[in-house]
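Asker: sequence-free structure coming up:
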Ligand SMILES: Cc1ncc(C[n+]2csc(CCOP(=O)(O)OP(=O)(O)O)c2C)c(N)n1
Ligand SMILES: Cc1ncc(C[n+]2csc(CCOP(=O)(O)OP(=O)(O)O)c2C)c(N)n1
Ligand SMILES: [Mg+2]
Ligand SMILES: [Mg+2]
């Protein structure tokens, strides 16, 4: 289409239309070459336009990007993804019951959080979005701590100060979240630069949604990463939607978010985000590159946001209700489970048992947290409102505490 | 180089070193193909890594990008470039004499301002940087108005409110400048979208320095241009330096600023910015593309800032004093003059006459402006300080005017 | 109030082809608070559309459009997210006419849901008006009811200066008296909920004495107008409540006249106190009415902390806190 | 003062390997005002380096480094250009400890040349302190002389909270009494120009009574301290001049004690008046010292216009304007 007039892009399908993913080219698993991790950037440019996939339709792993993981690792990944899903389902329902003010699911995108969490080291640091709770589940973060945070109750590790799910978990390599999108992407690069400056081989992993790549923060982070060769992995989770806006509102006429790497002289990898093995593999490749002092890699996780944006959202208002079911790259949990089954390391019975066990674990954690209290029924001591603003409260805060009848140390 | 540690890039040469431009690959003029202006973006990607050149070392125009301009047009371009240079030289000296607070030259980059100014229409709009005064000279903007602005005197068209050289000249297709770099790049896109919305085939030309491409504004402008297919030409003047920082501080490991276009799905053209014909030609190509409703083009003018950054700068502190003389792409004025001579349309005598005439024109304009007054010796009426803040001054401004003994309308 | 704001844009889009509405999720979806619902369907995709998530880019685009001659009405999804556009608003929109000697101007109206009271936590609850009030060249409008919201928004769109239009999101669906645990009220039946159809304006810079009184003057805007009214009622005093409606331009005459009469002044806002807009109001009142003042000008504001999720109802100025201040101001020595 | 600031960084870089200095042109070149001159040569390219022109990116990088455990000291080339980093400073640096329950903190010191008086026009002259003062979680420091500059900068670098360190560029090369046409003075011979070598601190939050007096209290910071002193001298009155040194934390006790004694208070700053930091000072003084005040608190500030190039000396608060205010404050009725 051309001609004069203001062009405003539209997605292929709106409510009432048939879902339309005909524009998505799904390359066969194993068909994309896997160059060495220390290859020159200009030899890697085509990868930004390809789609790296390992798991084939017959549930087998194919090609040079196959990470050849131990079945135990695969099972750990499956468990963490299933736990993420069980937790999401339960907490979403608790929101409906008014026990918290807010919740967000990551249904369909679990592999993008879980595989990196398992693939990277404990002393690396993720700079998360609100949609990668799987990182914490993969590392065994205590479930009741998460629920306490979500309930803003007396045991909330963030002391009632933060919106539900905006976790911070330093010891689990999970940087402080905030409601603003994008503004931590550059922190990942600064953290990585600090690690390099300190002579350590730790790396930072930055997450950003495809919609958020439009923010200036994204560009500035990539620029700094390129200039200082920061040991960072910068990941765009392209789940096709940013609340109600389709990815074309962020990307215009471009087809690949990974291709943005080219302008910075960085490798850009485009990967099937619903393929646990492929996600693991590109993270591992980029981590080896970064630890070798060769700088940052931009990765696009090509996936689909199967749930609504948040508890405040109703996606049937702007996209066909059945769109998720038509997503050509399937479901990450089913695909990994299918692969484990195909290689004889898993079966339906084990999965059912595991699911029941995980549901019970979540229920138990919720029960513990509910005993402490749900939103409004329990909260941290009121003085927490005034603490942590500065290292030491100044006279304004102490006076204001006094006005509320609080002492600084009580 | 690799290995752990914080990598900080350095230019090839510092004061005391031999200038080193060995990393610059100069492709022969005429060697880069010229695809049709309505070609698909993905067929154009290689252009972002090439260097479009028309004028050869023997002063002849070569290849598909030769715009085949009438000698009259070439002479107009030469005259405007020489005028820019004459004006710069004179005003720079006036700063030394304390007649103004500030001045900036564009020596070596005149073609990047003059060729687009002549190639585009009067109803198009440039969103300039402080280094494209040639745009105004090419369109016959009255010299004494420029000098009055530089002197902030009673006849200053910007009413004493703005730093010297931060012109605004709507009728000449020249948008209001400001001291902030980059923050008008997105205005170009908005203006272009407004033109398209209005059903007109006007286009906007945005200028930005290569150093300033690091700002988030740059990325956001390109994103909007891509999404809404804005009829804009977005130009990076890569003059190798941003005050004391070499281009590697903006571009990291990437070699091409034009390549940034690829991530937005836009064509990126890299052009010899000291080649008047090549600059003209890429602007014309991009303008035809934009007017056809095919959206924006990113252009990198590959050039060299031969002068200091501004009157506050001393470039010999951070780069070899002789670097400009070693610039492999020569001088835009000499190259165009050489070409005109080679095709028998110009000679040394005519050039000497023209130079003398231009110097006289500049001197005459300065004399007129000096009669009005130089900085501090003459200024617009004091009430101009309070006008134009709002359409109508509110009580605060009227009270403050009164405090200074001014009436709103006197 | 949502409908009133929607109406205002609808009216202006119908009257003036130069009016465009855009922002994150405002197009097909109609905005996360549904304030732009139906505008795309009625006026076309090229007049009401989604934008990339780039607040700086949204405002930059709007300024460029305004420079061309259009009258863009961009939305920033939450006022908390206006900060990435702060440079565009301050360095560009606010200065364009001034620095260009009048050649260009930025007649844009930046709408944004604002303020707390919906358990939105730190970044869906903030009240950043003070950082705009300080910027010369910007106007800042904050309506407190549907009638004003529509009339002020139309006036803002027609205004040739850049306007920051902050919509107290706690008032979107009904008035709110500050009792976090009270029943939800809708606008139905509220005197200022009757919104004339079609075009009308409420001028910028005219405060509204929403409750005349002689005992003391309460200056408020947005949600706090309702909290102040509730507090006055509860206190049983004869307090005068002034709804400023716009903080720039500020209706200084109404303020001075009232305080000169009452001799006591209380300022209420949600934003944290230190260097908030209440400071300017206090400074102005004591400058202009010093010799009429019986008591120091008092402020009841958000505490000097970030907006805290669990402590929302401790942070948000309550009728009780306002009441305590009223008592102090009215106390005989 | 340039040397004192350079010294402070040099001392801290030598003492603490976590201290890094970076910004536009600060590396090889040593900064456009030469404040970082020699630091790269002495401490290495990885400890003092140039950055891309992206103020938001500079601050974001600094925050990430601080989260790792370093103590970055980024420079923003002019305070006018800090606005693209405003979101990073407000939404991230100021909130990081609070929202993370203390897991991370942003111990950064953002230095920036600030203020007018050098014919820098609109965008090399502004004084944006008020937009930082309002942000809870940020500290804001403004030195007025070389001695304090070094001691305050060292204290800022050691502070665990994010600090905005604004350097009045008119004072870089000498004190300045506000007479735009007077001869240039250097720091030589000034009592506060003697800078001890090595490490020392001037604590944040302690004001300095630079001229004790009984007639009235003048609150000032940065360049205006010198203008205030000149005005007091010219007026012949016994004015007390207080140099606030940091506006957050604010030394409220010194302010109150002085105004309670003098009963008259004048506030002077370069930034435009409306909703400037002087508003908070006026609000606080009348709240705390109301019954001691003989006159309304007055403000002498930049006008409510952008910073105007040709009218610099009409905009900049002059000793004359301060003198007029003194006369009004001291007038018998
Ligand atoms: C700076 C900022 N602007 C806008 C928002 C409102 N907002 C929250 S999530 C969101 C969509 C983000 O989409 P995307 O980046 O694709 O992430 P996803 O939700 O798909 O994971 C928006 C616009 C915000 N939180 N922060
Ligand atoms: C937002 C902003 N940051 C920093 C500056 C200071 N500054 C002025 S010019 C300049 C260098 C710009 O370099 P470049 O973009 O390459 O343009 P050139 O001067 O080479 O034409 C800098 C850093 C500014 N004016 N605005
Ligand atoms: Mg998304
Ligand atoms: Mg440059």
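Answerer: Arrived safely. Not measured: the values here are computed from a predicted model. Ligands and ions are numbered 1, 2, ... in the order given.

Asker: pLDDT score for the residue positioned nearest the centre of chain C?
Answerer: Residue closest to the average C-alpha location in chain C (CA atoms, centre = their mean): residue C:142, at 1.7 Å. Residue C:142 is assigned a pLDDT of 98 by the prediction.

Asker: now residue A:410
Answerer: So residue A:410 comes in at 50 (pLDDT).

Asker: Could you list the low-confidence segments of chain A?
Answerer: Along chain A, the parts satisfying pLDDT under 70 run over A:1-2, A:408-410.

Asker: Residue A:75 and residue A:339: what is the separation?
Answerer: Separation of residue A:75 from residue A:339 (CB to CB, to the nearest Å): 11 Å. All C-beta spots, glycine's among them, are computed from the backbone N, C-alpha and C.

Asker: what about the two, which has more around it?
Answerer: A direct count of neighbours by other CB atoms under 10 Å in any protein chain shown for residue A:75 and residue A:339 places residue A:339 higher, at 24 against 18.

Asker: What are the phi and psi values at the residue nearest to the centre of chain C?
Answerer: Residue C:142 has phi and psi values of phi -140, psi 100 when expressed as degrees, to the nearest 10.

Asker: Do I have it right that it meets residue C:250?
Answerer: No. Here residue C:142 lies out of contact with residue C:250, judged by CB atoms under 8 Å, at a distance of 11.6 Å.

Asker: list the residues that contact both of the two?
Answerer: Residues touching both residue C:142 and residue C:250 by CB atoms under 8 Å, 6 or more residues apart in numbering or on different chains: residue C:244.

Asker: Mind splitting the chain into its structural domains?
Answerer: You didn't pick a chain, so chain A it is. Using automatic domain parsing, the domain ranges for chain A come out as A:41-309+A:326-379, A:384-410.

Asker: nope, chain C please
Answerer: For chain C, the structural domains run C:2-193, C:208-330, going by automatic domain parsing.

Asker: what about the shortest one and chain D, touching?
Answerer: In other words, domain C:208-330. Yes. Domain C:208-330 is in contact with chain D by CB under 8 Å from any CB of the partner chain, via C:248, C:271-272, C:274-280, C:282-283, C:286-288, C:290, C:293, C:295-299, C:304-306.

Asker: and what of stretch C:118-134?
Answerer: Yes. Judged by CB under 8 Å from any CB, stretch C:118-134 comes into contact with chain D at C:122-123, C:130-131, C:133-134.

Asker: Mind giving me the PyMOL select for these, buried ones only?
Answerer: Filtering the residues of stretch C:118-134 next to chain D down to the buried ones (16 or more other CB atoms under 10 Å in any protein chain shown) takes a single PyMOL command:
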select buried, chain C and resi 122+123+130+131+133+134
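
Asker: Just to be sure, which of the residues of stretch C:118-134 next to chain D are found in strands?
Answerer: Counting by DSSP state E, those place none of their members in strands.

Asker: Present the residues of stretch C:118-134 next to chain D as JSON lines; the columns should include distance to residue D:62 and pLDDT.
Answerer: Formatted as JSON lines, the residues of stretch C:118-134 next to chain D follow (distance: CB to CB, whole Å; pLDDT from 0 to 100):
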{"residue": "C:122", "distance to residue D:62": "21", "pLDDT": "94"}
{"residue": "C:123", "distance to residue D:62": "21", "pLDDT": "94"}
{"residue": "C:130", "distance to residue D:62": "25", "pLDDT": "98"}
{"residue": "C:131", "distance to residue D:62": "21", "pLDDT": "98"}
{"residue": "C:133", "distance to residue D:62": "29", "pLDDT": "98"}
{"residue": "C:134", "distance to residue D:62": "25", "pLDDT": "98"}
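
Asker: related to what we said a few turns ago, out of the residues of domain C:208-330 next to chain D, which are close to ligand 3?
Answerer: Among the residues of domain C:208-330 next to chain D, none lies close to ligand 3 by the criterion of CB under 5 Å from the ion.

Asker: hmm, which of those residues are the buried ones?
Answerer: Burial by neighbour count, 16+ other CB under 10 Å: within the residues of domain C:208-330 next to chain D this picks out C:248, C:271-272, C:274-280, C:282-283, C:286, C:288, C:290, C:293, C:295-299, C:304-306.

Asker: Of the domains of chain A, flag the one that's most buried.
Answerer: domain A:41-309+A:326-379 (a mean of 23; mean count of other CB atoms under 10 Å in any protein chain shown).

Asker: right, is that domain up against ligand 3?
Answerer: Yes. Against ligand 3, domain A:41-309+A:326-379 shows contacts by CB under 5 Å from the ion at A:209-211, A:239, A:242.

Asker: for chain A, what spans make up the helices?
Answerer: For chain A, the helices defined by DSSP state H cover A:71-96, A:110-119, A:134-138, A:143-151, A:185-197, A:216-227, A:248-251, A:276-291, A:323-326, A:332-342, A:348-372, A:395-403.

Asker: closest to ligand 2 out of those helices?
Answerer: The closest of these to ligand 2 is helix A:216-227. By CB to the nearest ligand atom, the value is 11.8 Å.

Asker: quick one: the closest one to helix A:185-197, angle?
Answerer: Interaxial angle of helix A:216-227 relative to helix A:185-197 (axes from the mean of the first three to the mean of the last three CA atoms, to 10 degrees): 20 degrees.

Asker: give me the number of residues near the closest residue to residue C:184 other than its chain neighbours?
Answerer: The shortest distance from residue C:184 to any non-neighbouring residue, by CB to CB, 6 or more residues apart in numbering or on different chains, is to residue C:174 (6.4 Å). Residue C:174 is flanked by 16 other residues according to other CB under 10 Å.

Asker: related to what we said a few turns ago, including distance to ligand 2, could the helices of chain A go into JSON lines?
Answerer: Below are these laid out as JSON lines (distance: least, CB to the nearest ligand atom, whole Å):
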{"stretch": "helix A:71-96", "distance to ligand 2": "42"}
{"stretch": "helix A:110-119", "distance to ligand 2": "35"}
{"stretch": "helix A:134-138", "distance to ligand 2": "35"}
{"stretch": "helix A:143-151", "distance to ligand 2": "38"}
{"stretch": "helix A:185-197", "distance to ligand 2": "16"}
{"stretch": "helix A:216-227", "distance to ligand 2": "12"}
{"stretch": "helix A:248-251", "distance to ligand 2": "24"}
{"stretch": "helix A:276-291", "distance to ligand 2": "29"}
{"stretch": "helix A:323-326", "distance to ligand 2": "42"}
{"stretch": "helix A:332-342", "distance to ligand 2": "43"}
{"stretch": "helix A:348-372", "distance to ligand 2": "47"}
{"stretch": "helix A:395-403", "distance to ligand 2": "32"}
